[in-house]
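[1] Give me a 3D structure for the following:
(one chain, ligands or ions: 3)
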Amino acid sequence: MRVDFNVPIKNGRIMDDTRIRESIPTIADLVERSARVILMTHLGRPDGQVDDAYRTRPLANRLAELVSRPVTHVNDCVGPPVEAVVKAMRDGDIVMLENVRFHPGETKNDPAFARQLAALGDVYVNDAFGTAHRAHASTAGIAQYLPAVAGLLMEREITTLGRIMTDPPHPLVAIIGGSKISTKIGVLRSLLQRVDRLCLGGAMACTLLKAKGLNVGRSLVEDDQLEVARSLLASSGQGGGTLVLPLDAVVAPEAIPGVATRTVAVDAVPSDMKVLDVGPMTVERFLQTCDGAAAVVWNGPLGVYEVPPFDRGTDALARGLAGSDAETIIGGGDLVAALQKQHLAERMSFVSTGGGATLEFLEGKTLPGIAALRDKNHA
Ligand code: ADP
Ligand code: 3PG
Ligand code: MG
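    Ligands and ions are numbered 1, 2, ... in the order given. I've put the predicted structure just below:
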């Protein structure tokens, strides 16, 4: 079973175990059915080398705590010592392999490495939605050599996000924030075709405001994306959804704790200031836009949430959405971290475990980890 236990770790401590917890339904179901469960994951980007900082033992230990069962950790993911441990497993046992990215064959999707992994088991279960955008040996190649199926988390992600793509409920509103329009233009274009309204916040809104001719001071702007921003503005309401831009902004000279801030209208940003968050009128406008929506898809924070008080816009919007009747679908690494900080993530209908994978899915791209399962089932 491939899981995505690529969780944030600081000084050996797991900072957020959501991805581990989200994989438990599939693991528990397999154990219940007396399967012998061999788990594989990557952690970080060790680049084909053994790196002690990226060993999976802490992940195995955390899983053991969460499922109240032993989870045996082995120091490699292929080869005779691993095969011996697997051979000694009993029904319902759980073994966690070492980081698959310690082998260069993983990210190269090397068939020989995929075959070695496949040799350990009888059935391949992929529950690693967060890594489904990578065509690697443990996410794609391995499916060539074993019966291959999706796990319950994978299924839930595909069902929830897939409905937005193929059968969107209406009225549908998207909210997109974050830093760079260049990393999200694919998602913006894809969602604009499917939604009724698309609210824009974060630094990327500054690029749009500048493209409209407004002065955004010293804000983070991608000047090489102004043309892209203009074409996006031009496509608003042309057969798809309409764009909703910020009305006001919280500005300061820098994003540092304790700095003096001001809230100004978007056409009155002082030249020596940076836009670091949306203002309260914008939050109100976005919430009004979501009023009566069947579903809201939100990716990316509205401000520099890492540095209070520039987390206020994101928090206020989340609080408003938590109390709404709309189905709330949240994606993206930074936004999820922002909501978790305020214990607001659990008040949303669905929080995707993917970062890049969620964005690529919503762009309409084919994810290799999903395609490998599909090919298999149609074979
Ligand atoms: P996600 O991971 O949720 O998809 P992104 O990675 O696109 O989001 O963007 C998150 C980053 O955007 C955060 O580090 C945040 O500080 C930054 N950001 C948001 N608004 C602004 C802003 N106005 N100015 C500078 N950075 C911003
Ligand atoms: C993620 O955290 O987005 C996934 O685990 C994929 O990790 P990667 O970007 O190192 O491939
Ligand atoms: Mg991010």
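[2] Report the closest residue of the stretch 51-200 of the chain relative to ligand 3.
    Nearest to ligand 3 in the stretch 51-200 of the chain, going by C-beta to the ion, is residue 178, at a distance of 6.4 Å. C-betas here are computed from N, CA, C, even on glycine.
[3] okay, now the nearest residue to that residue once chain neighbours are set aside: neighbour count?
    Closest residue to residue 178 apart from its sequence neighbours, by C-beta to C-beta, 6 or more residues apart in numbering: residue 300 at 3.0 Å. Here the number of neighbours of residue 300 (other C-beta atoms under 10 Å) works out to 26.
[4] and what of residue 42?
    Residues near residue 42, counting by other C-beta under 10 Å: 27.
[5] Pull the contacting residues for the nearest residue to it once chain neighbours are set aside.
    Leaving aside its chain neighbours, residue 42 sits nearest to residue 101 (4.4 Å; criterion: C-beta to C-beta, 6+ apart). Contacts for residue 101 (C-beta atoms under 8 Å, 6 or more residues apart in numbering) come out as 42-48, 54, 107.
[6] Need the three-state assignment for residue 101.
    Three-state assignment for residue 101 (DSSP: H, G, I helix; E, B strand; the rest coil): helix.
[7] quick revisit: let's have the contacts of residue 101 in CSV, adding distance to ligand 2 and secondary structure.
    Shown next, in CSV, are those (distance: C-beta to the nearest ligand atom, whole Å; DSSP: H, G, I helix; E, B strand; the rest coil):
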residue, distance to ligand 2, secondary structure
42, 7, coil
43, 9, coil
44, 7, coil
45, 5, coil
46, 10, coil
47, 10, coil
48, 13, coil
54, 11, helix
107, 8, coil
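[8] Distance-wise, check the residue nearest to residue 42 relative to residue 75.
    15 Å (C-beta to C-beta, to the nearest Å).
[9] likewise residue 149?
    Taking C-beta to C-beta, one finds residue 149 at 28 Å from residue 75.
[10] residues contacting residue 104?
    Here residue 104 is in contact with 48, 110 (criterion: C-beta under 8 Å, 6+ apart).
[11] that's a strand at it, yeah?
    No - counting by three-state DSSP, residue 104 is not part of a strand but coil.
[12] Just want the residue of the protein that's nearest ligand 2.
    Nearest to ligand 2 in the chain, going by C-beta to the nearest ligand atom, is residue 6, at a distance of 3.4 Å.
[13] Determine the set of other helices and strands touching the helix or strand harbouring residue 296.
    For residue 296, the element it lies in under DSSP states H and E is strand 295-299. Under the contact definition 3 or more C-beta pairs under 8 Å, 6 or more residues apart in numbering; DSSP states H and E, strand 295-299 sits against strand 172-176, helix 181-194, helix 312-322, strand 327-331, helix 356-363.
[14] what's near enough to touch the nearest residue to residue 44 once chain neighbours are set aside?
    Once flanking residues are discounted, residue 44 sits nearest to residue 54: 4.4 Å by C-beta to C-beta, 6+ apart. Applying C-beta under 8 Å, 6+ apart to residue 54 gives the contacts 43-44, 46, 99, 101-102.
[15] so how far is residue 287 from residue 54?
    Residue 54 sits at a distance of 42 Å from residue 287 (criterion: C-beta to C-beta).
[16] repeat for residue 194
    Distance, residue 194 to residue 287, by C-beta to C-beta: 21 Å.
[17] for residue 82, same thing?
    According to C-beta to C-beta, residue 82 and residue 287 sit 53 Å apart.
[18] Closest residue of the stretch 201-350 of the chain to ligand 3?
    For the stretch 201-350 of the chain, C-beta to the ion, closest residue to ligand 3: residue 334, 3.9 Å.
[19] Can you pull up the residues of the protein that come close to ligand 2?
    Neighbours of ligand 2 within the chain, by C-beta under 6 Å from any ligand atom: 4, 6, 45, 130-131, 134, 355-356.
[20] Can you add pLDDT and distance to ligand 1 and give the residues you listed back as JSON lines?
    Converted to JSON lines, those look like this (pLDDT from 0 to 100; distance: C-beta to the nearest ligand atom, whole Å):
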{"residue": "4", "pLDDT": "98", "distance to ligand 1": "16"}
{"residue": "6", "pLDDT": "97", "distance to ligand 1": "14"}
{"residue": "45", "pLDDT": "97", "distance to ligand 1": "17"}
{"residue": "130", "pLDDT": "97", "distance to ligand 1": "12"}
{"residue": "131", "pLDDT": "98", "distance to ligand 1": "16"}
{"residue": "134", "pLDDT": "98", "distance to ligand 1": "17"}
{"residue": "355", "pLDDT": "92", "distance to ligand 1": "6"}
{"residue": "356", "pLDDT": "93", "distance to ligand 1": "9"}
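[21] Of these, just say which sits nearest to residue 256.
    Comparing these against residue 256 with C-beta to C-beta picks out residue 355 as the nearest, at 26.3 Å.
[22] Would you confirm that the closest one contacts residue 132?
    No - counting by C-beta atoms under 8 Å, residue 355 sits too far from residue 132 to count as a contact (11.4 Å).
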